[in-house]
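> Let's see this in three dimensions:
(one chain, ligands or ions: 2)
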Amino acid sequence: MDKSPLPVQNVHRSDKNVAGKEALVKLLRWHFGHADFRGKQLEAIQAVVSGRDCFCLMPTGGGKSICYQIPALAKPGIVLVVSPLIALMENQVIALKEKGIAAEYLSSTQPTHVRNKIHEDLDSGKPSVRLLYVTPELIATKGFMVKLRKLHSRGLLNLIAIDEAHCISSWGHDFRPSYRQLSTLRDSLADVPVLALTATAAPKVQKDVMDSLRLRNPLVLKSSFNRPNIFYEVRYKDILENAYTDLCNLLKSCGNVCAIIYCLERTTCDDLSVHLSSTGISSAAYHAGLNSKLRSTVLDDWLSSKKQVIVATVAFGMGIDKKDVRMVCHFNMPKSMESFYQESGRAGRDQLPSRSVLYYGVEDRKKMEFLLRNSENKKSPSSKKPISDFEQIVKYCEGSGCRRRKILESFGEEQCKKTCDACKHPNQVAHCLEELMTTASRRHNSSRVFITSSNDKNNEGQYSEFWNRNEDGSNSDEEISDSDDGAEAGKSLTGPKLSKKLGIDEKLVLLERAEEKYYESNKQVKKSERNAISEALRESSKKRLLDELTPVLQLLPSVDEIDSQNASEFLENECYRKYSKAGKSFYYSQIASTVRWLGTASRDELMTRLSPVVSLAREEEPSGESMLVTEPAEKIEEEDAKIHTAESRVYEPTQQLVVSPSRSPIMLPQIPSFSEFVNRRKMKHNTSLDNSSEGFDDKKPAKIMKLQ
Ligand SMILES: Nc1ncnc2c1ncn2[C@@H]1O[C@H](COP(=O)(O)OP(=O)(O)OP(=O)(O)O)[C@@H](O)[C@H]1O
Ligand SMILES: [Mg+2]
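Residues are numbered from 1 along each chain as shown. Ligands and ions are numbered 1, 2, ... in the order given. I've put the predicted structure just below:
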């Protein structure tokens, strides 16, 4: 049932040719129940109601629809909305009708009698419809254009809104050739204001949209693309035991939340959905391979929360306004940062905390590169754009820096907008810091020298570590906090901005000093609880090490003397002893690097590092205190002082270790880069498969894969 309309004269103050804020807010409250406008909504509405073109760039879920829905209620006449998807039009029309707003859409999928009724209404001279949704294909037809001109000549066409306007640009991620034809609108309906709306921020796309639509002196409104309520995370398939299991556990750990999982291929959607369902997660696949009836049933079930998880190809989601999507997972890589932003942006439209989880796999990357290269060759051999777009998302996954910053930077958005010296004069600040470091380290008495970096482009990966996995048993997002002391120190110590003039030895000395200073200064500071390493975290770390070690021990020959339980406890204890004082982030990092090392270590390397456990096993009867018992931090402090220098060095791969049967200095291996790690792990896996199929000879020396 239609709500009684608010008097239009209150809204449109023709004297100033600007719609009054109060009246517009009234409309918003009356029809939509929102307390006030968000972001740039009001400015956009006021512009178009006063007859001005407007280009409106708002993040996904930012509330772009209101920018043309309110104008439709503010003036008599019609607002024409061009939308790329029938499902999207249908959804919006249903939602508007539920609010009592006269909206319709025209599409070939509707029965003839419904279409005829809408046309009759349009021809009536006093149409009741306020919002008319159409596809770009319909606009391109002669008959419909004639109808629009007629409406216009009767003063009934108030506004043309082009939703998802990036579809007009071949630079955009969802290019629709039919959108190109919208440029003719300006010729035929010269003085009707045009509102272009998009969440695609790439500057090239913006310009292309404005040029193609021939916007005249448009009001350009751009909101920040930051989605503060979304927590971004990347998980690495190649270091997961089983990505399906990991995803199941992740979904279960989040409770019965509404989620979208994007896959590259239809078969993956089907397989994954079956797998999730078999573990008790209510899910359904959605892709173009299903018939339309099944697709709409799946969509309805998901929209009405009958199904919790929808496993879909990227064909799903554009413009779907489900507010409570708590998680969007990319089980395969998206093809660009733009696609990723749009797709992950479907989480948390209600502004409540939500998650984006991207599962990165080297195989997926190769596959996508292959597909993009192929499509590139077909289009124009000179264009390298899809690949360069894809590289951005690869960097997002492989880089160790802030994920959010990478997203925003790829859209040309600076978070700080040069309001600090580090962003405004990065070279100057870097130079000062280098000077400071050199001077302070020469004097030996600086209280705190951290080597900081405001960007992670230099030497990326050399000291990198994955900071993004939540290893704590508590599963709390808070555990990975930017303000975490350990993380701060970690960034400082592992930051790559060491002077290029310094040799590796000098750099190591500086790193050691910075680390010592960090420990020193932290002795006085009472460690906050947030930075403490909890028992739950320790237990989950032990388990992680055990999970990695068990299959390794099964694959390697002659390692019977290593007990996986004892060994994982030993390794965890080693990490704890080293980093308990530095904080949780250091500890995380060390556990993660140990796990990676386990994936690549040869038998000899393993035996050497685990020699204390092996020797204990040999003695059969461990006398007195077990070395595996967690030692109090004070005692460890003394021990650490003795072994500190040795531990904090990065060892050259050729270095030989002298191992005493009892406790020996623990020499950690060099941390391989991510790609090295994955390649070596694969090589190792293949080798072991070969060996097992040929019947492995126990006496053969284990193949040692040297670190690069
Ligand atoms: N002023 C407002 N106050 C509160 N909620 C609002 C306001 N404006 C819009 N919303 C809500 O925000 C959600 C997203 O709105 P909308 O679908 O228009 O976003 P969008 O910008 O079009 O996103 P997308 O790019 O994904 O299409 C909707 O649920 C809508 O009801
Ligand atoms: Mg929208």
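> Please determine how far residue 149 is located from residue 277.
53 Å (Cβ to Cβ, to the nearest Å). The C-beta positions use only the backbone N, C-alpha and C, and glycine is treated the same way.
> Who has more neighbours out of these two?
The residue with more neighbours, out of residue 149 and residue 277, is residue 277; 16 against 13, by other Cβ atoms under 10 Å.
> ok, that one - contacts?
Contacts for residue 277 (Cβ atoms under 8 Å, 6 or more residues apart in numbering) come out as residue 283.
> Please renumber the chain so that the first residue is 9 from this point on.
Noted, 9 is the first residue going forward, which turns the last one into residue 285.
> Please enumerate the helices of the stretch 259-408 of the chain.
For the stretch 259-408 of the chain, the helices defined by DSSP state H, counting those that start in this stretch cover 274-286, 300-311, 345-352, 370-387, 393-406.
> Same list (these) but as JSON lines, adding distance to ligand 1.
Formatted as JSON lines, the helices of the stretch 259-408 of the chain follow (distance: least, Cβ to the nearest ligand atom, whole Å):
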{"stretch": "helix 274-286", "distance to ligand 1": "21"}
{"stretch": "helix 300-311", "distance to ligand 1": "13"}
{"stretch": "helix 345-352", "distance to ligand 1": "7"}
{"stretch": "helix 370-387", "distance to ligand 1": "24"}
{"stretch": "helix 393-406", "distance to ligand 1": "19"}
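> right, so those: which one is the most enclosed?
Scoring the helices of the stretch 259-408 of the chain by mean neighbour count under mean count of other Cβ atoms under 10 Å gives helix 345-352 as the most buried, with a mean of 24.
> Go ahead and name everything in contact with that helix.
Residues contacting helix 345-352 (Cβ under 8 Å, 6+ apart): 68, 180-182, 207-210, 213, 233, 238, 240, 268, 270, 322, 325-326, 336, 338, 342, 364, 366, 397, 400-401, 404, 414-415, 418-419.
> SS state for residue 134?
coil (DSSP: H, G, I helix; E, B strand; the rest coil).
> Break this protein down into its structural domains.
Domain ranges of the chain: 23-230, 238-472, 481-713, per automatic domain parsing.
> follow-up on the earlier one: as JSON lines, the helices of the stretch 259-408 of the chain with mean pLDDT and distance to residue 98 would be great.
Shown next, in JSON lines, are these (pLDDT from 0 to 100; distance: least, Cβ to Cβ, whole Å):
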{"stretch": "helix 274-286", "mean pLDDT": "95", "distance to residue 98": "22"}
{"stretch": "helix 300-311", "mean pLDDT": "89", "distance to residue 98": "9"}
{"stretch": "helix 345-352", "mean pLDDT": "90", "distance to residue 98": "20"}
{"stretch": "helix 370-387", "mean pLDDT": "82", "distance to residue 98": "30"}
{"stretch": "helix 393-406", "mean pLDDT": "87", "distance to residue 98": "31"}
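> can those go into a markdown table with extra columns for distance to residue 228?
Below are the helices of the stretch 259-408 of the chain laid out as a markdown table (distance: least, Cβ to Cβ, whole Å):
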| stretch | distance to residue 228 |
| --- | --- |
| helix 274-286 | 39 |
| helix 300-311 | 34 |
| helix 345-352 | 19 |
| helix 370-387 | 30 |
| helix 393-406 | 23 |
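> who wins for proximity to ligand 2 among the ones you listed?
helix 345-352 (10.4 Å; Cβ to the ion).
> relative orientation of the closest one and helix 393-406 in degrees?
60 degrees (axes from the mean of the first three to the mean of the last three Cα atoms, to 10 degrees).
> Residue 32 touches residue 50, doesn't it?
Yes - with contact defined as Cβ atoms under 8 Å, residue 32 reaches residue 50; the gap is 6.6 Å.
> So for the two, which residue has more residues nearby?
A direct count of neighbours by other Cβ under 10 Å for residue 32 and residue 50 places residue 32 higher, at 23 against 19.
> Could you measure from that one over to residue 69?
21 Å.
> And the domains of the chain, which one averages the lowest pLDDT?
Confidence, taken as mean pLDDT, is least for domain 481-713 of the domains of the chain (a mean of 56).
> Could you report the distance from residue 620 to ligand 2?
Distance, residue 620 to ligand 2, using Cβ to the ion, to the nearest Å: 61 Å.
> Could you say which helix or strand holds that residue?
Assigned by DSSP states H and E, residue 620 falls within helix 619-627.
> tell me which strands and helices the helix or strand residue 597 falls within is in contact with?
Assigned by DSSP H and E, residue 597 belongs to helix 592-608. With contacts defined as 3 or more Cβ pairs under 8 Å, 6 or more residues apart in numbering; DSSP states H and E, the packing partners of helix 592-608 are helix 493-502, helix 543-563, helix 572-587, helix 682-702.
> rerun that using 10 Å as the cut-off
helix 493-502, helix 543-563, helix 572-587, helix 611-617, helix 682-702 (3 or more Cβ pairs under 10 Å, 6 or more residues apart in numbering; DSSP states H and E).
> The stretch 359-508 of the chain against ligand 2: which residues are in contact?
Within the stretch 359-508 of the chain, no position is near ligand 2 by Cβ under 5 Å from the ion.
> In the stretch 359-508 of the chain, which residue sits closest to ligand 1?
Closest to ligand 1 within the stretch 359-508 of the chain is residue 359: 8.1 Å, counting by Cβ to the nearest ligand atom.
> which one is that residue nearest to, not counting chain neighbours?
residue 237 (5.3 Å; Cβ to Cβ, 6 or more residues apart in numbering).
> Could you tell me which residues of the stretch 59-208 of the chain lie near ligand 1?
66, 68-74, 207 (Cβ under 6 Å from any ligand atom).
> Can you tell me which of those residues has the most neighbours?
Going by other Cβ under 10 Å, residue 72 tops these with 27 neighbours.
> Look up how far residue 36 lies from the residue lying closest to that one once chain neighbours are set aside.
Distance criterion Cβ to Cβ, 6+ apart; nearest residue to residue 72, sequence neighbours excluded, is residue 205 at 4.3 Å. For residue 205, the distance to residue 36 equals 17 Å [Cβ to Cβ].
> Now do the contacts for residue 135.
For residue 135, the contacting residues are 84-86, 110, 112, 126, 128-129, 159, 162, 164, by Cβ atoms under 10 Å, 6 or more residues apart in numbering.
> count of neighbours near residue 223?
22.
> for the closest residue to it other than its chain neighbours, phi and psi?
Leaving aside its sequence neighbours, residue 223 sits nearest to residue 61 (Cβ to Cβ, 6+ apart; 4.3 Å). The phi and psi values for residue 61, taken as degrees, to the nearest 10, are phi -70, psi 150.
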